[in-house]
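Q: sequence and predicted structure below; questions after.
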Amino acid sequence: FRDNLQNDMGVAMFDYPMARANLLRALASQYPNGSVPHGFRPLNRLQYADKPCWILQVVPALLKESGDLGLLDAVVPYFESAESGTVWDHLLRTMRYLVKDTGEHGLSDQHFADWNDGLEPSEKTGARESVMVTQQVAFGLREMEELARLRGDEAVAREAGDWHREFTRRLNEVAWDGEWYQRTLCGTGYRIGTKANPEARVFLNTQSWAILSGTAPADRAALCMRAVDRHLEKDCGFTIVDPPLTKFDERIGKFSATRPYYATNGGCYNHAAGFKAVADCMLGRAEEAWRTLVKVAPDSPWNPISRSWAEPFSFNNCYDMIPEIYGRAQYPWRTGTAAWFTMVLVEWILGARRSYAGLLIDPCLTRTIPRASLVRTFRGARFEIELDNSAGRCRGARSIVLDGRPVSGPVLPDLREGTHRVQVVI
C-alpha cells in the first residue's frame with residue numbers, strides 16, 4: 001500500500017493519469033474505519049502503523065500536480081463494505097482514525113510494525129508507540145489543514161491545525177532525547193533510539209520527519225541534523241541507525257535478530273536518505289542535500305557499481321555494510337526510493353516544486369554547480385528552466401523572468417499550455 005502511494009507521488013510528475021488510477025485503486029482497499037491493509041496486490045491484512053499516513057501525503061501531492069480539485073469528489077468504495085465515499089471522505093476518515101490510534105503516551109500505536117518492517121514485536125515486547133509514524137501523522141495534518149482551507153472548510157482546517165499542535169506538544173514532551181528524537185516507546189518502559197542505550201541509539205527517520213512534519217522547533221531541528229551528520233553519514237550512504245544491534249533483545253523483537261549492518265539494522269538505507277535530503281533542503285542545507293543525492297545515486301564515487309553490483313541506472317533501496325559484502329545494493333526500484341529521489345532532485349534541489357497555486361521555484365543547489373537547467377512539464381505547460389547559481393547563494397530565487405518578463409513572487413503563473421522559458425537567479 002505505502003510503496004504504491006509513494007511511487008504515485010513521483011509518477012504523477014510525468015504520468016498523472018497513471019498515478020491517479022493507482023491512487024484510486026489503493027483507496028478502494030481502505031476499510032470504512034480509515035485503516036488500510038499492508039498490501040492489496042495481493043491482499044495482506046497485517047496492520048502497519050504508517051500505511052494510512054501516506055494517504056494524507058499522496059492525495060495533496062496529486063492535487064498540487066494536476067490543479068484538479070475535482071479528484072476530491074471522485075467516489076471510491078470502501079474495502080469489504082457496502083459503503084462508498086468521496087476521496088475527501090476517505091481523507092477525513094484517515095485523519096480521524098490516525099489521531100485516535102494512539103497509545104499510552106498519546107503517540108501512534110505501532111501495531112504489527114511501522115515503516116521499519118524490522119520493528120515487528122515478539123511475544124514479550126508489549127504495546128509500543130512509533131515516534132516516526134506520529135511525525136508522519138503530523139505531516140498529514142498540516143496537509144489537511146491547507147487543503148481544507150483551500151476548500152473553504154474552516155471547521156476541518158481548525159480540527160487539523162489543533163491536532164497538529166497537540167501532536168507537536170506530545171512529541172516534544174515525551175520523545176525528545178536531548179540531542180535527537182527517540183524511535184519507539186515500549187509499554188514496558190524501554191525506549192528504542194535513546195543515548196542511554198549502548199546500541200540502536202540514533203535513528204535517521206525520526207530526525208528527518210521531525211523537520212518534514214514541522215514538529216521540531218528550530219533549535220531542535222538543528223540538533224537533529226547535527227546528530228545525523230555526526231553519527232549516521234557513512235562513506236557509501238546514510239545508515240538508518242547507529243550503532244546497529246548486535247544481539248537479540250526480547251524488548252525489541254525481530255529488529256534485533258537481523259544481522260548487524262544489514263538493511264534496516266545499520267545498513268545505508270537509501271529510502272530513508274530520501275526523506276533526509278528533503279529535510280536538508282527545508283533547512284537550506286544545500287551541500288548536505290547534494291551529497292546525499294550523489295551518495296545514493298547509482299555508481300556514485302563513494303560506492304561504484306564495481307562494489308555495489310547495482311545496475312548503473314537503478315536507484316536501490318539500500319547498501320549493506322556487512323564487511324564481506326560492504327556496499328552491496330539491494331532491491332532495485334523498490335519501496336519508493338526512486339520516487340523520493342526524483343522528488344529530491346527535481347522539486348527540492350533544482351526547486352521546481354508543485355503547489356496548489358502553481359509551479360513554485362525554490363532551488364537549494366550546491367555551490368559547486370554554478371548553472372543548471374531542467375525541463376518541467378506542469379499542468380500541460382512546458383517550462384524550460386535555467387538556474388544561475390554563479391553568485392553561490394545556493395538557496396531560493398532572487399529573481400525569476402518568465403518569457404522575458406519579471407515574475408513577482410516564487411510561483412509561476414498557471415499557464416496550462418505552451419512552451420515557456422524561465423530564467424532564475426538564485
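A: Thanks, I have the structure now.
Q: burial of residue 416, as a residue count?
A: 11 (other Cβ atoms under 10 Å). (C-beta placed from N, C-alpha, C; glycine too.)
Q: for the helix or strand of the chain with the lowest mean pLDDT, give me every contacting residue.
A: Of all the helices and strands that make up the chain, strand 329-332 has the lowest average by mean pLDDT, DSSP states H and E, namely a mean of 87. The contact list for strand 329-332 (Cβ atoms under 8 Å, 6 or more residues apart in numbering) reads 263, 267, 308-311, 314-320, 337.
Q: please tell me which one of the residues you listed counts the most neighbours.
A: residue 319 (31 neighbours).
Q: hang on, the earlier thing: how about CSV for the contacts of strand 329-332, with secondary structure added?
A: Below are the contacts of strand 329-332 laid out as CSV (DSSP: H, G, I helix; E, B strand; the rest coil):
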residue, secondary structure
263, coil
267, coil
308, helix
309, coil
310, coil
311, coil
314, coil
315, coil
316, strand
317, strand
318, strand
319, strand
320, coil
337, helix
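Q: for those, which one is nearest residue 137?
A: Here the nearest of the contacts of strand 329-332 to residue 137, counting by Cβ to Cβ, is residue 337; it sits at 22.5 Å.
Q: isn't residue 133 up against residue 110?
A: Yes: counting by Cβ atoms under 8 Å, residue 133 touches residue 110, with 7.1 Å between them.
Q: need the overlap of contacts for those two.
A: Contacts common to residue 133 and residue 110, judged by Cβ under 8 Å, 6+ apart, are residue 49.
Q: and the helices in the chain, which stretches?
A: Assigned by DSSP state H, the helices in the chain fall at 2-11, 16-27, 53-66, 87-100, 131-151, 154-174, 204-212, 218-227, 270-282, 286-296, 305-308, 337-343.
Q: about what we covered before: paired strands for the least confident helix or strand of the chain, with orientation please.
A: Strand pairing for strand 329-332, using DSSP bridges, gives strand 316-319 (antiparallel).
Q: mean confidence (pLDDT) on the strand it pairs with, please.
A: For strand 316-319, mean pLDDT rounds to 93.
Q: and if you look at stretch 275-293?
A: For stretch 275-293, the mean confidence score works out to 98.
Q: CA atoms of that stretch as PDB?
A: These are the backbone C-alpha positions of stretch 275-293, laid out as PDB (Å, rounded to 0.1, in the frame of the first residue of the first chain):
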ATOM      1  CA  PHE A 275      13.500  11.800   3.500                       C
ATOM      2  CA  LYS A 276      16.700  13.200   4.900                       C
ATOM      3  CA  ALA A 277      17.600  15.000   1.700                       C
ATOM      4  CA  VAL A 278      14.200  16.800   1.700                       C
ATOM      5  CA  ALA A 279      14.800  17.800   5.300                       C
ATOM      6  CA  ASP A 280      18.200  19.100   4.300                       C
ATOM      7  CA  CYS A 281      16.600  21.300   1.600                       C
ATOM      8  CA  MET A 282      13.900  22.600   4.000                       C
ATOM      9  CA  LEU A 283      16.700  23.800   6.300                       C
ATOM     10  CA  GLY A 284      18.700  25.300   3.400                       C
ATOM     11  CA  ARG A 285      21.500  22.700   3.700                       C
ATOM     12  CA  ALA A 286      22.300  22.700   0.000                       C
ATOM     13  CA  GLU A 287      25.700  20.900   0.300                       C
ATOM     14  CA  GLU A 288      24.400  18.200   2.500                       C
ATOM     15  CA  ALA A 289      21.400  17.600   0.200                       C
ATOM     16  CA  TRP A 290      23.600  17.300  -2.900                       C
ATOM     17  CA  ARG A 291      26.000  14.900  -1.100                       C
ATOM     18  CA  THR A 292      23.100  12.800  -0.100                       C
ATOM     19  CA  LEU A 293      21.800  12.500  -3.600                       C
END
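Q: how about it: buried residues?
A: 275-283, 285-286, 288-293 (16 or more other Cβ atoms under 10 Å).
Q: just give me the residue closest to the centre of this protein.
A: Ranked by distance to the mean C-alpha position of the chain (Cα atoms, centre = their mean), the top residue is residue 275 at 4.6 Å.
Q: you'd agree it is up against residue 208?
A: Yes: using Cβ under 8 Å, residue 275 is in contact with residue 208, at 4.1 Å.
Q: hang on, the earlier thing: among the helices of the chain, which is nearest residue 366?
A: Of the helices of the chain, nearest to residue 366 by Cβ to Cβ is helix 286-296, at 3.8 Å.
Q: what residue ranges in the stretch 1-150 of the chain score low on pLDDT?
A: By pLDDT under 70, the stretch 1-150 of the chain contains no weakly predicted segment.
Q: residue 100: how many residues sit nearby?
A: Here the count is done by other Cβ under 10 Å, and residue 100 has 11 residues near it.
Q: now residue 393: closest residue in space that isn't a chain neighbour?
A: Once flanking residues are discounted, residue 393 sits nearest to residue 426: 5.2 Å by Cβ to Cβ, 6 or more residues apart in numbering.
Q: determine the number of other residues adjacent to the one you found.
A: The burial count for residue 426: 26, using other Cβ under 10 Å.
Q: how about residue 172?
A: Neighbour tally, residue 172, other Cβ under 10 Å: 15.
Q: any figure for the gap between residue 10 and residue 325?
A: Distance, residue 10 to residue 325, using Cβ to Cβ, to the nearest Å: 28 Å.
Q: higher neighbour count, these two?
A: residue 10 (21 against 16).
Q: show me what contacts the nearest residue to that one once chain neighbours are set aside?
A: Spatial nearest neighbour of residue 10, chain neighbours left out: residue 339 (3.0 Å); criterion: Cβ to Cβ, 6+ apart. Counting by Cβ under 8 Å, 6+ apart, residue 339 makes contact with 6, 7, 8, 9, 10, 11.
Q: closest one to residue 258 out of those residues, please.
A: The closest of the contacts of residue 339, once distances to residue 258 are taken by Cβ to Cβ, is residue 6, at 22.6 Å.
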